[in-house]
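Student: Okay, here's the prediction I keep looking at, along with the sequence it came from:
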There are 6 protein chains.
Amino acid sequence: MRFDRPFEGYAVGERYRSRGRTITEADIVQFAGVSGDFYPLHTDREYARQTRFGERIAHGMLTMSVATGLWVMEPGCVLAFYGIDALRFVRPVKISDTIYVESEVRQLTERGETAGLVTVHQRIVNQREETVVDVVVHVLVEREGNVSARA
Amino acid sequence: MRFDRPFEGYAVGERYRSRGRTITEADIVQFAGVSGDFYPLHTDREYARQTRFGERIAHGMLTMSVATGLWVMEPGCVLAFYGIDALRFVRPVKISDTIYVESEVRQLTERGETAGLVTVHQRIVNQREETVVDVVVHVLVEREGNVSARA
Amino acid sequence: MRFDRPFEGYAVGERYRSRGRTITEADIVQFAGVSGDFYPLHTDREYARQTRFGERIAHGMLTMSVATGLWVMEPGCVLAFYGIDALRFVRPVKISDTIYVESEVRQLTERGETAGLVTVHQRIVNQREETVVDVVVHVLVEREGNVSARA
Amino acid sequence: MRFDRPFEGYAVGERYRSRGRTITEADIVQFAGVSGDFYPLHTDREYARQTRFGERIAHGMLTMSVATGLWVMEPGCVLAFYGIDALRFVRPVKISDTIYVESEVRQLTERGETAGLVTVHQRIVNQREETVVDVVVHVLVEREGNVSARA
Amino acid sequence: MRFDRPFEGYAVGERYRSRGRTITEADIVQFAGVSGDFYPLHTDREYARQTRFGERIAHGMLTMSVATGLWVMEPGCVLAFYGIDALRFVRPVKISDTIYVESEVRQLTERGETAGLVTVHQRIVNQREETVVDVVVHVLVEREGNVSARA
Amino acid sequence: MRFDRPFEGYAVGERYRSRGRTITEADIVQFAGVSGDFYPLHTDREYARQTRFGERIAHGMLTMSVATGLWVMEPGCVLAFYGIDALRFVRPVKISDTIYVESEVRQLTERGETAGLVTVHQRIVNQREETVVDVVVHVLVEREGNVSARA
């Protein structure tokens, strides 16, 4: 999603497809190190080979983290990440898969005079256009007037 | 949460408090690098100083990622991270805050003969016992018989 | 600089100020690890204390690398980083300094039918608006028609 | 280059070939994370496939950063990285290429009583001896007497 | 080894096999960066090709470090890593090898009223069950009564 | 130690003091990530506060790893890290301590016609010249004739 304007600039139904990013073995290794999640499905080739996936897969939270990194966020526009609903890890992300975020604005909710909540349905898809994650995210953005005051 | 046994071993109402981990400036810097999320609230001291938080805060997804790293997961017991519901970022995590995961099993759902879904309510709390994240997670675990077969 | 359009869209004299990024101790530690440059001015507090800088400073190449990371680059617009001229490390960047890139387009040069060279004068400044690096960079961008073909 | 002695010890025409270092996918991933430069030419396999390079390439600044890491620098000998001139990224560095730095001292300039400027022409070459970067660097070194005083 | 109880809970002859972890190229790259050990046997493909190993190998200290990361350590149980004896790097660990730690308690020594020393013989083995490191480690653990007091 | 010549060039009693390196919070965070050792003594400020150390300390293996990174190793001279004896972690390394390696050659042992074993007593000391690690290391180096053949 592009969070690059005040709340008043969004419209329900608006869509955006992000640029892509390839999930490498190095990303999985680094993410294990940052998160502390060394579950062998992500870090042990021999173990992963015997699972239903047949090979190491990316941590679900790595996929979600990279997806937020693919958002375009302009300074002064985003106030906070508000929440996540109905997230399902639909398919595994494997080493060298490339992911993209398909977003659609679902709801717009005023939150007082300075902020608004943008609710976005997101499908994270891979290079074969298969959905790997399906999720609804809520991001708190500035309302008009406040953005310019800050920047 | 401890995911260290087959599905049959869990009981609704079971609780667990994880060990702690301090979120350092280095964690935020590394997480920006892994996720690609360099939003200035996390990476620019001057910018963050002027926000409602007054200083740089941890990415929400970093907090969630570290929380999954605090789970105890025995090889062969966890099949996959299934999903997330009703996640709310309640309070910011600041540099040098220490987080803990308070878990309580909410629901147990069979998923065919080999797997079961463990639904857990999680509160991520800081060193002052304030909730920073409130969330429900679903983890797919092996059913009895399958765990031993694998290990 | 914003490299977000085809060559024909730039004008000599156009200016842009990037968002900021704070250079942390963790950035210096990570950059030493990636570059392999462990010169004690960057990695040894006791040594650095006795130099003219009085404390550890960021690697010059870290400052330059972060500066390119502060560019806005749209996929399909940038073909390649072409070159650097007249780079001078004017002042040290210390731990917790925040840097910004001040850019001004200096020259526009056609390079055949598909590409053009955008020459930009860049001042990297810190939070006190002091210049820390002064440099001219050349970036090869797509010419009109080619961008759309790719994207 | 070897910066392992006071200014008086250098001679114009002196040459040095550094040890080698292989640029891996992990280096590119880490460098994207440190620099914040996630341009898809470096981080998206599908995108890179369609460019003139046909695959992901190393960031130019990664190649330059690793090259400075290949310098031999003795504590007390180097005062500061002074500047860069006439840098051209001549050929791409691809995953698993190995780079070496070929240096030749071009000029020696006194800078007062305590320092001197060593100007070095550098060719960064790959394992096929093809030049990938051509550049002139200036490094400020201690003059005799000052080195011993510090160490 | 599992260090998950007070000193009184160990018995000479007790054995434990750890979970596995695959040593990737990314681990070697990261370890070079953390340790500062860029010896070309670990970081230069062309160089390594000409050695007796025929390819890059993991740093010995990386293998040992990952092995300690494979220990199970309960908070409050381990006081300190005391020492290492008779460590021999028996075989190289190559990229994509998976390692496991085979432990056997060899000796138990009281160290005053609050601590005890657990001496463990460790064989680090690869996926072909070949020993890659043979070593004796000593870990200082809490004595009964002290663990509960802390936790 | 300097491993920068063939076996024949060493003498028992030869000493060397390495350059220094400051162990930062970022190093401990990164080392936890690479090793997988997140024991709370290293990663949890609240926990560490209540231990005998009163604060987070560096992993013993981090200190040893950085120490090997402080060795000077010339390509073609070192064949392999052979082993470690009598390692004792004597004092903790705390955040911002700077460490140095004090080495003395203890023994020289021929290993056939192409290699020799250099046995070195190492004290790793901090900025107050207190010993933090005491250890004997064995490094396999090339014998004369073999070095030149390789390089």
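Tutor: Perfect, I can see it now.

Student: okay, how far is it across stretch A:34-51, tip to tip?
Tutor: Start-to-end span of stretch A:34-51 (CA to CA, to the nearest Å) is 24 Å.

Student: in its sheet, what does the helix or strand that contains residue A:123 sit against?
Tutor: Secondary structure assigned from DSSP states H and E places residue A:123 in strand A:115-125. With DSSP bridges as the test, strand A:115-125 is paired with strand A:98-111 (antiparallel), strand A:131-142 (antiparallel).

Student: Please enumerate residues in contact with the helix or strand harbouring residue A:88?
Tutor: Here residue A:88, judged by DSSP H and E, is contained in strand A:78-89. Contact with strand A:78-89 is made by A:3, A:60, A:63-64, A:68, A:115, A:117, A:132-142, B:39, B:41, B:51-52, B:59-61, B:80-89, B:92, B:135, as judged by CB atoms under 8 Å, 6 or more residues apart in numbering or on different chains. Every residue, glycine included, has its C-beta placed from N, CA and C.

Student: what are the pairing partners of it, and which direction each?
Tutor: Looking at strand A:78-89 with DSSP bridges, its partner strands are strand A:131-142 (antiparallel), strand B:78-89 (antiparallel).

Student: Quick check on whichever residue of chain A sits closest to chain F: phi, psi?
Tutor: In chain A, the residue that lies nearest chain F is residue A:33 (2.4 Å; CB to the nearest CB). When read as degrees, to the nearest 10, the backbone of residue A:33 gives phi -70, psi -40.

Student: For it, give me its contacts.
Tutor: Contacts of residue A:33 by CB under 8 Å, 6+ apart are B:30, E:30, F:30, F:32, F:33, F:34, F:36.

Student: From the residues you listed, which land in helices?
Tutor: By the criterion of DSSP state H, membership of the contacts of residue A:33 in helices covers B:30, E:30, F:30, F:32, F:33, F:34.

Student: residue contacts, the fourth one?
Tutor: Shown in contact with residue F:32 (CB under 8 Å, 6+ apart): A:33, A:36, F:38, F:42, F:43, F:59.

Student: how close does the residue nearest the centre of chain A sit to residue A:84?
Tutor: What sits nearest the mean C-alpha location of chain A, by CA atoms, centre = their mean, is residue A:67, with 3.0 Å. Residue A:67 sits at a distance of 11 Å from residue A:84 (criterion: CB to CB, to the nearest Å).

Student: Do stretch A:52-64 and chain D come into contact?
Tutor: No - contact of stretch A:52-64 with chain D (CB under 8 Å from any CB of the partner chain) is absent, the minimum separation being 12.1 Å.

Student: so how far does that stretch reach from one end to the other?
Tutor: Across stretch A:52-64, first to last residue, CA to CA, it's 22 Å.

Student: From the chain's centroid, how far away is that stretch?
Tutor: Offset of stretch A:52-64 from its chain centre (CA atoms, centre = their mean, to the nearest Å): 15 Å.

Student: quick check: mean pLDDT across it?
Tutor: On average, the pLDDT along stretch A:52-64 is 98.

Student: And the contacts of that stretch?
Tutor: The contact list for stretch A:52-64, computed with CB under 8 Å, 6+ apart, reads A:23, A:25, A:27-28, A:31-32, A:35, A:37, A:39, A:41-45, A:48-49, A:87, A:89, A:92-95, A:97, A:99, A:124, A:132-133, A:135, B:34, B:61, B:64-65, B:68, B:79-81, E:22.

Student: Got a quick ChimeraX command for the buried subset of the residues you listed?
Tutor: Selection command for ChimeraX covering only the buried members of the contacts of stretch A:52-64, criterion 16 or more other CB atoms under 10 Å in any protein chain shown:
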select /A:23,25,27,28,31,32,35,37,39,41,42,43,44,45,48,87,89,92,93,94,95,97,99,124,132,133,135 /B:34,61,64,65,68,79,80,81 /E:22
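
Student: Could I get the average pLDDT for the strand or helix carrying residue A:26?
Tutor: Secondary structure from DSSP H and E places residue A:26 in helix A:25-35. Averaging pLDDT along helix A:25-35 gives 98.
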